[in-house]
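1. I need the structure of the sequence given here:
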Amino acid sequence: MYDALSSMVHSRQLIWVSSLGARLDRTCHRVDQSTRCLTDVSDISMPQPPALIRSLSVRHQILTSEARDWAYLRIIPSKGDFTLASIEQLKALLKSHSEGDDERFYSVAMQLAAHEAKLGHGIVAEELRALIDSAKRRRGAAEPVPIGRPRGELANLLTVSWPKSRLGDLVTDDGLQEQLQRIIREQRHAARILENGLTPRRKLLLMGPPGTGKTLTASVLAGELGIPLFAVRLDGLITKFMGETAAKLRQIFDATGQTRGVYFFDEFDAIGSQRGMANDVGEIRRVLNSFLQMIELDRSHSLIVAATNHPEILDHALFRRFDDVLHYALPEPSQIAVLLKIRLGKMSDKRVAWRRLAELAKGLSHAEITRAAEESMKYALIHEQTRVSEDEIRQTLNDRLKVIGRVDSARSR
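-> Next comes the predicted model:
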């Protein structure tokens with residue numbers, strides 16, 4: 001039982017009993033061309049069972065082998081073997097495991113440790129507590145946890161999705177690709193990093209013009225790590241009532257410790273603008289102060305990602321709170337060509353001159369280029385064409401350039 005709990009706490013696998021090398025679903029094993037089943041612990045030709053098994057006076061059916069150090073084991077309770085309390089604890093332990101309720105699982109395991117201490121088995125109790133503490137420290141570092149959709153007030157603060165995006169979907173320069181690869185590698189090896197007293201990168205600030213891949217980056221991180229993406233809803237977060245926004249922000253940071261995911265603050269300058277600016281208001285200043293404190297004290301395993309199109313107005317105290325700052329820019333011609341090829345795929349005509357199109361599209365963002373590619377594919381589908389020609393791609397790119405030109409002209413007035 002003790003080794004079963006040890007294994008459960010570490011790996012959450014209820015089938016294996018580690019030091020016995022045993023499984024809970026078998027009772028007999030073939031030995032020397034014959035099958036032998038033993039029913040008394042004293043008959044086992046292997047090291048004595050752990051203290052917790054002895055203390056519960058559990059009857060066993062165990063079948064040994066010539067290897068001496070392993071046996072198939074099945075625990076069969078009989079009248080008087082378990083106290084009512086221990087039976088209920090084991091049931092609760094199994095129930096919490098099957099439901100993926102980590103907090104309940106560890107709570108029940110601690111109750112079992114306390115029960116052993118009460119019986120005078122101090123060493124066993126202390127070992128159980130140490131295992132539980134160790135598992136809690138490592139929990140969530142490398143494994144996705146079962147999650148549900150946000151409920152209650154959190155449903156108005158967070159929008160959840162499960163992206164399938166991958167790093168190959170994001171077309172950026174080599175420097176940014178290396179930064180993202182490093183973040184993903186550190187997250188995948190987070191347990192080893194944490195064991196050595198270090199912290200993997202997980203608090204990220206994304207800066208750059210609109211449409212350059214910041215939102216897609218959040219999706220890519222979630223997709224690569226197999227965890228959900230929680231987009232923070234600013235319309236639900238920011239209110240006109242004093243103190244309410246900070247209280248809602250606290251709920252979001254509490255959620256980062258309960259459910260591992262990528263928590264994405266888009267348009268971050270809405271709450272992260274410099275204190276003391278001409279349009280500064282007291283409530284936003286208090287919200288920024290709260291955010292600075294919460295992100296610095298956050299010790300969860302979640303990724304906290306903030307994105308802004310206006311880094312120049314962010315408060316200077318924010319930058320040192322993030323583990324990494326990623327800079328985004330409009331795509332170069334070589335990146336534009338790759339992006340068009342990826343988005344158009346097999347629908348593009350083989351005679352397309354990608355370099356010419358890339359030169360034409362200079363000044364467009366990743367999002368605008370993607371939109372142009374999709375528009376050309378829709379045109380081909382509507383007109384029952386199997387291929388997209390270079391002229392059609394050029395036309396949609398010109399349309400996007402005209403839109404950008406009109407927007408820039410309106411802003412300059």
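2. for this structure, name the helix or strand with the lowest mean pLDDT.
-> Here the helix or strand of the chain ranked lowest by mean pLDDT, DSSP states H and E is strand 16-17, holding a mean of 32.
3. next, count neighbours for Asp169.
-> 15 (other CB atoms under 10 Å). C-beta coordinates here come from the backbone N, C-alpha and C atoms, glycine included.
4. before we move on, what about Gly122?
-> 10.
5. then the one 3 residues further on?
-> Around Ala125 there are 20 other residues, counting by other CB under 10 Å.
6. quick one: Leu205 is in a helix?
-> No: Leu205: not assigned to a helix; according to DSSP: H, G, I helix; E, B strand; the rest coil it is strand.
7. count of neighbours near it?
-> Other residues close to Leu205 by other CB under 10 Å number 24.
8. ok, Ala329 - contacts?
-> Contacts of Ala329 were listed using CB atoms under 8 Å, 6 or more residues apart in numbering, and they are 173, 208-209, 212.
9. give the next helix or strand downstream of whatever helix or strand Ser96 lives in.
-> Element membership for Ser96 (DSSP states H and E) is helix 84-99. The C-terminal neighbour of helix 84-99 among helices and strands, as given by DSSP H and E, is helix 102-118.
10. that's a strand at Glu359, yeah?
-> No: Glu359: not assigned to a strand; according to three-state DSSP it is helix.
11. that one against Pro333, yeah?
-> Yes: judged on CB atoms under 8 Å, Glu359 makes contact with Pro333 at a distance of 5.7 Å.
12. looking at these two, which is more packed in?
-> A direct count of neighbours by other CB under 10 Å for Glu359 and Pro333 places Pro333 higher, at 16 against 12.
13. which pLDDT does the model give the more buried one?
-> With respect to pLDDT, Pro333 scores 93.
14. give the contact list for it.
-> With contact taken as CB under 8 Å, 6+ apart, Pro333 is in contact with 355, 358-359, 361-362.
15. name the nearest residue to Glu267, sequence neighbours excluded.
-> For Glu267, ignoring the flanking residues on the chain, the nearest one in space by CB to CB, 6 or more residues apart in numbering is Leu234 at 6.2 Å.
16. ok, that neighbour - contacts?
-> With CB under 8 Å, 6+ apart, Leu234 has these contacts: 266-267, 270-271.
17. domains of this protein?
-> Listed by automatic domain parsing, the domain ranges of the chain are 2-138, 152-327, 333-412.
18. how much space between Pro209 and Ala329?
-> Per CB to CB, to the nearest Å, Pro209 is found 7 Å from Ala329.
19. tell me, what's touching these two both at once?
-> Going by CB under 8 Å, 6+ apart, no residue sits against Pro209 while also sitting against Ala329.
20. coming back round to it: any idea of the pLDDT on the residue nearest to Glu267?
-> Looking at Leu234, the pLDDT reads 83.
21. can you check Thr35 too?
-> If you check Thr35, the pLDDT there is 36.
22. same question for Tyr106.
-> Tyr106 is given a pLDDT of 78.
23. low-confidence stretches in the stretch 51-200 of the chain?
-> 51-86, 98-101, 136-152 (pLDDT under 70).
24. hmm, 90 instead?
-> Residues of the stretch 51-200 of the chain meeting the criterion pLDDT under 90: 51-157.
25. show me where it has helices.
-> 51-55, 84-99, 102-118, 122-138, 174-188, 190-195 (DSSP state H, counting those that start in this stretch).
26. who wins for proximity to Arg387 among those helices?
-> helix 174-188 (30.6 Å; CB to CB).
27. which secondary structure element contains Val287?
-> Using DSSP H and E, Val287 falls within helix 282-297.
28. and what of Ile304?
-> strand 303-308.
29. let's see that strand as PDB, backbone CA atoms only.
-> C-alpha atoms of strand 303-308 as PDB (Å, rounded to 0.1, in the frame of the first residue of the first chain):
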ATOM      1  CA  LEU A 303       2.600  31.100 -19.300                       C
ATOM      2  CA  ILE A 304       1.600  34.800 -19.000                       C
ATOM      3  CA  VAL A 305       1.800  36.500 -22.400                       C
ATOM      4  CA  ALA A 306       1.100  40.200 -22.900                       C
ATOM      5  CA  ALA A 307       1.000  41.800 -26.300                       C
ATOM      6  CA  THR A 308       1.000  45.500 -27.300                       C
END
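30. out of the contacts of Pro333, which is most surrounded?
-> Counting neighbours by other CB under 10 Å, Ala361 comes out on top of the contacts of Pro333 with 27 neighbours.
31. that one and Leu401: what is the separation?
-> Distance from Ala361 to Leu401, by CB to CB: 8 Å.
32. same thing with Ser300?
-> Using CB to CB, we find Ser300 at a distance of 44 Å from Leu401.
33. what's the answer for Met347, then?
-> 22 Å.
34. with Leu318 instead?
-> In terms of CB to CB, Leu318 sits 34 Å off from Leu401.
35. more neighbours: these two, which one.
-> A direct count of neighbours by other CB under 10 Å for Leu318 and Leu401 places Leu318 higher, at 23 against 17.
36. hey, which helix is longest across this structure?
-> Longest helix in the chain, counting residues (DSSP state H): helix 390-412.
37. give the buried residues for that one.
-> By neighbour count with 16 or more other CB atoms under 10 Å, helix 390-412 contains the buried residues 390, 392-394, 396-397, 400-401.
38. and it, what does it pack against?
-> Identification of packing neighbours for helix 390-412 by 3 or more CB pairs under 8 Å, 6 or more residues apart in numbering; DSSP states H and E yields helix 354-360, helix 366-382.
39. show me what the first one packs onto, helices and strands only.
-> If contacts are counted by 3+ CB pairs under 8 Å, 6+ apart, helix 354-360 sits against helix 333-344, helix 390-412.
40. could you give the angle of the first one to helix 366-382?
-> For helix 333-344 against helix 366-382, the angle by axes from the mean of the first three to the mean of the last three CA atoms, to 10 degrees is 40 degrees.
41. got it, and the last one?
-> Orientation check (the same axes, to 10 degrees): helix 390-412 against helix 366-382 gives 140 degrees.
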